[in-house]
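K.L.:
With the input below, show me the fold.
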Amino acid sequence: MNAEPPSTGPLSTEPLSTGPLSTGPLPAEAAPAGPVRFDTKIAVLLRDDLETWQRLNVTAFLVSGLGPSVPEVVGEPYADADGVGYLPMFRQPVLVFEGTKETLTAAHGKALSRALPRALFTSDLFTTGNDRDNRAAVRAVPTAELDLVGLAVYGARGAVDKVVKGARMHH
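P.N.:
Predicted structure coming up:
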């Protein structure tokens with residue numbers, strides 16, 4: 001007979017110390033000694049002609065690719081004062097930029113030449129409804145002909161700065 005595991009975990013209302021991600025009581029966190037400066041950067045570059053809902057959708061999809069592929073960008077799970085657990089998030093800010101179609105194409109080329117971890121979103125993905133069709137839509141188009149509307153990159157701060165050069169902070 002298989003016993004069903006308790007319903008605890010990152011989205012549970014049970015204390016984190018009883019959930020599957022737990023290794024016991026949460027340690028008290030020390031106050032930071034000063035500002036934290038990362039030697040890496042996470043950047044999202046969006047095409048400047050997108051509707052607001054598209055910008056939000058594209059950003060969410062793009063950053064979802066970084067965590068599983070680049071695990072060092074993900075911090076530790078969260079817990080509130082009652083011990084309720086929450087999923088871990090990126091350990092550093094995500095900077096969002098915008099630029100023209102040409103800026104995006106140039107940034108894509110720079111990300112490729114620097115072999116940076118990257119995620120892309122093309123205009124074709126607005127017409128698909130699932131991951132399988134998304135991947136097929138990207139696979140059907142040669143690299144130089146991709147109609148990019150979004151790009152996420154991660155890497156050394158200087159390398160990412162060079163990729164997004166010419167773009168402006170999203171406002």
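
K.L.:
which residues touch the residue most central in space within the chain?
P.N.:
Closest to where the C-alpha atoms of the chain average out (Cα atoms, centre = their mean) is Val63, at 1.9 Å. Residues in contact with Val63 (Cβ atoms under 8 Å, 6 or more residues apart in numbering) are 42, 44, 90, 94, 119, 152. All C-beta atoms are positioned from the backbone trio N, CA, C, and that covers glycine.

K.L.:
Confirm it sits in a strand?
P.N.:
No - counting by DSSP: H, G, I helix; E, B strand; the rest coil, Val63 is not found in a strand; it is helix.

K.L.:
So it versus Val94, what's the distance?
P.N.:
6 Å (Cβ to Cβ, to the nearest Å).

K.L.:
which residues are in contact with both of these two?
P.N.:
42, 44.

K.L.:
Count the neighbours of Ala107 for me.
P.N.:
Other residues near Ala107 number 25, with proximity taken as other Cβ atoms under 10 Å.

K.L.:
and if you look at Leu46?
P.N.:
Other residues close to Leu46 by other Cβ under 10 Å number 25.

K.L.:
before we move on, which element is it in?
P.N.:
Element membership of Leu46 [criterion: DSSP states H and E] is strand 40-47.

K.L.:
which residues sit against that strand?
P.N.:
Contacts of strand 40-47 with the rest of the structure, by Cβ under 8 Å, 6+ apart, involve 55, 58-59, 62-63, 66, 73, 90, 92-101, 103-104, 107, 148-157, 160-161, 163-164, 167, 170.

K.L.:
before we move on, what about stretch 136-152?
P.N.:
42-47, 50, 54, 58-59, 61-63, 65-66, 101, 104-105, 107-108, 111-112, 118-128.

K.L.:
Alright, that wraps it up for me.
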